[in-house]
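Participant: Quick one: sequence and predicted model below, then my questions.
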Amino acid sequence: MGFMMASTTHTETENVGILAYGSLVSDPGLEIDAAKIRAIANVETPFHVEFTRSSSSRGGAPTLVPVRTGGVTVNGHIILVNASVDEACDMLYRREIHQVGSARRYKEPPKGAEGRVRVKTIEGSFENVATVLYTDIDANIADPTAERLAMLAIASVNEASTGKDGISYLIAARGHGIRTALSDAYAAEILRQTSTSSLEEALLSIRPETG
């Protein structure tokens with residue numbers, strides 16, 4: 001098991017960690033980043049994930065969420081934080097709803113409330129961390145084929161802020177070694193639909209100023 005930002009190997013149980021497997025890996029937000037002690041790298045998620053959520057904050061781009069059917073386990077990090085469980089839960093929640101630094105506190109959504117951010121806990125000690133939190137948001141792409149994902153990602157480039165589109169999200173995920181059941185076909189389909197040879201080229205072909 002590899003450790004980042006640590007000069008010695010730790011075997012004792014840590015207190016609180018946040019499981020990151022999507023954009024949270026490279027963009028945890030100011031609050032989580034300030035509370036970060038170190039990160040445990042190369043952690044396999046204990047659940048399957050897939051690009052099955054169209055995110056309104058990313059111009060409709062497909063994003064990674066836990067899935068009950070399909071998908072695969074992927075490579076992630078555990079961000080160890082100097083915070084209580086409640087504080088870490090609130091920080092993670094604010095990051096997910098794009099209100100970092102606000103006074104918003106996490107409250108468990110009622111059953112049946114689709115599309116709401118849920119912060120869940122992995123049961124038992126995980127990777128020698130006593131409490132590991134992660135976000136669980138409902139999938140909303142009914143037919144997650146490579147063609148459908150590529151269409152959403154391409155359309156998002158001109159809808160999302162620079163760097164927040166689906167192609168940039170996919171590039172970052174691949175850069176962190178994340179591969180899902182659909183990701184290779186999804187990437188190939190973006191290249192086919194844009195007549196390009198790389199995801200970076202595809203992004204520039206749609207919005208040249210991103211370069």
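Facilitator: Arrived safely, thanks for sending. Residues are numbered from 1 along each chain as shown.

Participant: need the helices for the chain, in chain order.
Facilitator: With helices called from DSSP state H, the chain shows them at 30-35, 85-96, 146-156, 166-175, 183-194, 199-206.

Participant: any chance of the ones you listed in TSV, with mean pLDDT too?
Facilitator: Shown next, in TSV, are those (pLDDT from 0 to 100):
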stretch	mean pLDDT
helix 30-35	97
helix 85-96	96
helix 146-156	98
helix 166-175	96
helix 183-194	98
helix 199-206	97
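
Participant: so who does residue 24 touch?
Facilitator: With contacts defined as Cβ atoms under 8 Å, 6 or more residues apart in numbering, the neighbours of residue 24 are 18, 32, 79, 95. (Each C-beta comes from the backbone N, C-alpha and C, glycine too.)

Participant: okay, it: pLDDT?
Facilitator: What the model reports as pLDDT for residue 24 is 92.

Participant: Next, count neighbours for the nearest residue to residue 66 once chain neighbours are set aside.
Facilitator: In space, and not counting its chain neighbours, residue 66 is closest to residue 47: 4.8 Å by Cβ to Cβ, 6 or more residues apart in numbering. Applying other Cβ atoms under 10 Å, we find 17 residues neighbouring residue 47.

Participant: what does residue 124 give?
Facilitator: 9.

Participant: Distance check, it against residue 77.
Facilitator: Using Cβ to Cβ, to the nearest Å, we find residue 124 at a distance of 19 Å from residue 77.

Participant: Residue 59 is nearest to which of the helices of the chain?
Facilitator: helix 146-156 (3.5 Å; Cβ to Cβ).

Participant: Please work out which residues outside the closest one touch it.
Facilitator: When contacts are defined by Cβ under 8 Å, 6+ apart, helix 146-156 is touched by residues 51, 54, 58-62, 141, 165-167, 169-170, 182, 185-186, 188-190, 192-194, 202, 206.

Participant: swap the cut-off to 7 Å and go again
Facilitator: Here helix 146-156 makes contact (Cβ atoms under 7 Å, 6 or more residues apart in numbering) with 51, 54, 58-62, 141, 165-167, 170, 182, 185-186, 189-190, 193-194, 206.
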